[in-house]
Every structure is written in structure tokens, then in C-alpha cells.
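**Student:** would you be able to build a 3D model of this:
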Amino acid sequence: MAAFTALTPCQATTLHYNNIKICRYHIPYQNVCNNNKTIHKTKSSLLSNHHSHRPKPSPAFFSLSTQSKYNMPPTHFSNSGSGSSWLQDHSMHHDASSGFELREGPIYSVFPTKPAQVSSVQDLYEFICSGPLVDKVGLTPERVAESIDKWLFYGSKLCRLFQLNELYLTIPQKARFYHYYIPVFIWCEDQISQHTSKFKDGEEIPPLVIGFSAPQGCGKTTLVFALDYLFRITGRKSATLSIDDFYLTAEGQAKLREENPGNALLELRGNAGSHDLPFSVETLTALSKLTKEGMKMKLPRYDKSAYSGRGDRADPSTWPEVQGPLTVVLYEGWMLGFKPLPTEVVKAVDPQLEIVNKNLEAYYDAWDKFIKAWIVIQIQDPSCVYQWRLQAEIAMREAGKPGMSDEEVHLTYLLCNILHLTKCLYSVSLFFSLDS
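**Tutor:** Purely as a prediction, here's the structure:
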């Protein structure tokens with residue numbers, strides 16, 4: 001099992017995505033660059049110049065990572081945690097090959113009048129090598145130089161996905177793509193290669209399940225969305241799941257409240273005990289068997305807007321469909337990897353946590369045992385979690401959908417935020433370095 005812990009480079013920036021459309025493009029790999037000869041010549045130049053001009057860490061990135069006063073807005077691409085509040089429902093559709101909800105949009109066709117910010121492949125190479133994840137994901141400047149055409153391809157596709165002009169990216173946008181999304185994608189590719197190598201020719205290869213553990217609102221759903229897109233445009237079939245997709249039905253939540261009167265942590269969805277664990281085992285087991293052409297299944301989704309924001313499992317007729325053979329399952333959630341602590345430690349934080357801590361005992365067999373590679377994302381200031389969750393619910397209400405009230409968000413997430421601050425539970429979740 002392999003994993004790495006990353007401090008997300010974009011959590012310290014404010015990125016504005018007002019009225020942005022998400023779009024899909026299917027441009028052949030070789031058409032990304034107009035002149036492959038130029039790229040190959042540049043790669044040779046990058047390799048020859050590397051030792052004499054080793055790029056220094058990017059001052060721009062470090063200024064981003066230290067400006068913790070800026071909070072990234074919440075990103076949720078669907079009501080189940082697989083979507084974003086800045087997507088407009090009227091143009092959204094289900095994509096059967098991914099499990100994520102995407103939407104079509106026109107190619108960026110506006111021609112800005114200001115000079116381009118990225119003037120050469122050399123500039124981009126130096127920016128990539130200055131990223132904080134290069135060493136963590138096992139990249140070297142030589143490897144970056146040898147694969148610079150792939151970086152250009154991935155960057156171009158992400159720009160189109162998020163409807164940005166690749167020649168006019170801001171520093172935060174460049175950092176998001178080239179310091180974060182693409183390095184993580186390359187790491188995922190390496191993990192898949194290692195996973196595949198364990199099987200003999202002719203053997204059925206189950207998809208690799210990669211777990212993404214991070215506090216609410218820090219961008220893990222957007223990361224998974226981008227990774228899923230990159231897998232599909234490079235010919236691999238992937239499925240996406242959130243722990244939100246396994247929340248109890250509205251009826252199950254009502255029963256949980258009745259069984260735990262007075263416990264604010266179990267009054268609404270969110271904490272251990274509010275998930276349908278047998279259903280999650282059934283789903284993850286079925287996905288692991290999706291190894292052949294023609295096999296298909298639907299992925300569950302959760303509607304957070306149902307019952308005035310209390311939520312309910314979405315109608316199965318709306319669930320996206322995935323088809324085999326699957327290469328990877330991208331599974332994300334804020335409490336993936338959490339383990340129970342000694343009772344006295346938990347009660348010292350809040351007595352209501354005792355039953356939540358007890359409930360965690362069943363979660364390893366339901367979730368964690370399926371995950372073979374982990375990505376754990378830390379944030380600089382865990383106190384942002386509550387504000388991010390509040391922003392997400394406000395955005396949902398402003399979009400005309402029922403959401404939790406401010407008081408309900410407070411009751412549901414405030415103590416979860418305290419857990420992150422005290423590192424209770426979170427400190428014993430699955431943190432690994434890449435080389436372990």
C-alpha cells in the first residue's frame with residue numbers, strides 16, 4: 001500500500017469561477033501541440049540545461065501557501081459530494097463513462113489583448129519543477145523534461161475542462177494544474193502500473209481503489225473530478241464515489257435520531273453512524289468485479305437538497321452508469337481512514353463523541369479495506385472547515401435548492417472542526433509518505 005500526504009497548494013487562494021461552464025473535448029493526443037519537433041527539441045534543451053540551471057522554488061507558490069487569510073470557496077459537483085455549487089443544473093447531464101456529472105460548453109474563443117503570461121515551454125518546465133509535490137510523487141526534473149509533452153497535453157485539457165485560456169493562466173490557476181492536479185494524476189498512474197504488475201497475463205485485474213481523505217470543503221471533490229476527466233481522455237475507465245453517496249436514507253436518518261436523542265452529532269448526516277455500511281460494501285465489492293467489457297453498474301448518488309436540506313438517497317433512475325473494465329475507482333471522503341481512539345480520550349473532547357467513536361469500529365471493513373492507495377490532504381488552518389461548509393449550504397440555498405440552515409451546519413460540523421483542530425481521530429487516520 002502506498003500513499004502520500006499533501007498540503008494542497010490551492011487552499012490558500014481565492015479562485016473565482018462565476019458562470020463557468022464545464023465542457024468535454026475529445027481531441028487526439030497528437031493534436032495538442034502544433035509542432036512536435038519544437039517540443040522534442042525543447043525537451044533535449046531542458047535535459048541539457050537542467051544541472052546548470054536548476055529551477056528554484058517558486059516564490060509565487062510560497063506566497064500562496066502562506067496567505068492563509070484567503071479561503072478557497074467550496075466545490076461540490078453534485079448534491080452527493082461529487083459536484084460543485086458553481087455549476088448550473090440546466091445544462092448538466094450524467095456521463096455514463098465516469099459517474100461524474102459534466103456539461104457541454106463552447107471552446108474558449110475570446111482573444112485577450114494583453115500579452116500571454118506563459119512565454120515558453122522552458123518557463124513552464126521551471127514552474128513545474130518548483131512545485132511542492134514533485135519530490136513527494138517521485139518525479140525528477142529529468143522525468144519532467146522527458147514527459148513535457150504530456151504535461152502540455154494534460155494542462156491544455158484541464159484548461160478546456162475548466163474553461164480557461166491556457167496562455168493567460170494566473171499564478172493560482174497554474175499552481176492548481178501544474179503543482180497539484182497533474183502531479184497527483186501522474187502519481188495515480190504510477191500506482192495503477194504497480195497494481196497491474198502484480199497480476200499475471202490473462203488474469204482479471206480488479207480496479208485500483210484510491211482513497212482521498214481530506215477535511216470538508218478543501219477541494220478533494222474537484223481534484224477527483226479533474227483526475228476522472230484525465231483518466232477518461234487517456235483511455236482509462238474510472239468510477240468516482242464519495243462517502244456522501246452512502247449516507248442513510250431519510251428514513252434511516254430519522255431512525256438514527258430516535259435511537260440517539262439529544263446527541264447533536266447524530267441528529268443530521270455527517271458523522272460515523274450516519275452511513276449505510278452494508279450498502280457501501282455491496283457497491284465497492286461490485287465495482288471490484290467490473291473487469292470485463294460489457295459489464296456495467298450504476299453508482300449511487302445522494303441528494304443533499306431533499307427534505308429541506310436534510311438529504312436523502314437520490315432516485316436510482318438518476319444514478320450514473322459505469323462500464324467495465326474499470327481501471328481505477330476514485331473514492332473520496334473527509335473521514336476515510338479514521339480509526340477509533342480510547343474512550344477516555346474522546347470523552348475529554350466531548351461526551352457526544354463516545355458513540356461516534358464506537359461506530360468507527362465498523363468502518364474499516366466497510367470502507368478502508370478496499371482502498372489500496374491513499375492520498376491524505378492536509379490544510380493549513382482546520383478552522384476553515386466550518387466556514388467552507390457554511391458557504392456550501394448558502395450557495396445551495398441561493399441556487400434555489402433547500403439546504404441546511406446556519407444552525408444545522410453549526411450543530412453538524414462544528415465539533416467535526418474541533419476534531420481536526422485537536423487532531424483527535426484525524427491524527428490516527430492513514431497518513432503515509434510515498435516511500436513507505
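
**Student:** show me where pLDDT drops low in the protein?
**Tutor:** 1-119, 381-390, 392-393, 396-397, 402-436 (pLDDT under 70).

**Student:** please, where are all the strands along it?
**Tutor:** 2-7, 77-78, 83, 92-94, 101-103, 208-213, 238-242, 296-298, 302-303, 312-313, 321-323, 328-333, 373-378 (DSSP state E).

**Student:** what about stretch 124-143, how long is it end to end?
**Tutor:** 14 Å (CA to CA, to the nearest Å).

**Student:** list the buried residues of it.
**Tutor:** Residues of stretch 124-143 classed as buried: 124-134, 136-139, 141 (neighbour count, 16 or more other CB atoms under 10 Å). Just so you know, the C-beta spots here come from the backbone N, C-alpha and C atoms, and that holds for glycine as well.

**Student:** from these, which is closest to Gly400?
**Tutor:** Nearest to Gly400 among those: Leu133, at 38.1 Å, using CB to CB.

**Student:** surely the closest one touches Pro183?
**Tutor:** Yes. Using CB atoms under 8 Å, Leu133 is in contact with Pro183, at 4.2 Å.

**Student:** between these two, which contacts overlap?
**Tutor:** Leu139 (CB atoms under 8 Å, 6 or more residues apart in numbering).

**Student:** phi, psi of the nearest residue to Thr318 once chain neighbours are set aside?
**Tutor:** Setting aside the residues directly before and after it, Thr318 is nearest to Arg301 in space (CB to CB, 6 or more residues apart in numbering), at 6.6 Å. Main-chain dihedrals, Arg301, degrees, to the nearest 10: phi -140, psi 150.

**Student:** equivalent analysis for Ser305, please.
**Tutor:** phi -90, psi -10.

**Student:** what is the burial count for it?
**Tutor:** Neighbour count for Ser305, taken as other CB atoms under 10 Å: 19.

**Student:** not counting residues beside it along the chain, what's closest to it?
**Tutor:** Lys401 (3.9 Å).

**Student:** now the helices for the stretch 201-350 of the chain?
**Tutor:** Taking DSSP state H, counting those that start in this stretch to define them, one finds helices in the stretch 201-350 of the chain at 220-233, 250-259, 277-288, 343-349.

**Student:** try the stretch 51-200 of the chain
**Tutor:** Under DSSP H, counting those that start in this stretch, the stretch 51-200 of the chain gives helices at 59-66, 121-129, 141-146, 148-161, 171-174, 182-196.

**Student:** how about JSON lines for the ones you listed, with distance to Glu293 added?
**Tutor:** What follows is these, written out as JSON lines (distance: least, CB to CB, whole Å):
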{"stretch": "helix 59-66", "distance to Glu293": "43"}
{"stretch": "helix 121-129", "distance to Glu293": "36"}
{"stretch": "helix 141-146", "distance to Glu293": "33"}
{"stretch": "helix 148-161", "distance to Glu293": "25"}
{"stretch": "helix 171-174", "distance to Glu293": "38"}
{"stretch": "helix 182-196", "distance to Glu293": "17"}
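
**Student:** let me know whether Ala272 touches Leu336 as I believe.
**Tutor:** No. Judged on CB under 8 Å, Ala272 makes no contact with Leu336 at a distance of 11.4 Å.

**Student:** so who does the nearest residue to His195 once chain neighbours are set aside touch?
**Tutor:** With CB to CB, 6+ apart as the criterion, His195 has its nearest non-adjacent residue at 4.3 Å, and that residue is Leu208. By CB under 8 Å, 6+ apart, the residues touching Leu208 are 191-192, 195, 327-329, 372-373.

**Student:** 6 Å instead, please
**Tutor:** 192, 195, 328, 372 (CB atoms under 6 Å, 6 or more residues apart in numbering).

**Student:** ok, the first one to Lys289 distance?
**Tutor:** Same thing as Ile192. Per CB to CB, to the nearest Å, Ile192 is found 18 Å from Lys289.

**Student:** does Leu158 really touch Phe177, like I thought?
**Tutor:** Yes. Counting by CB atoms under 6 Å, Phe177 is a contact partner of Leu158 at 5.0 Å.
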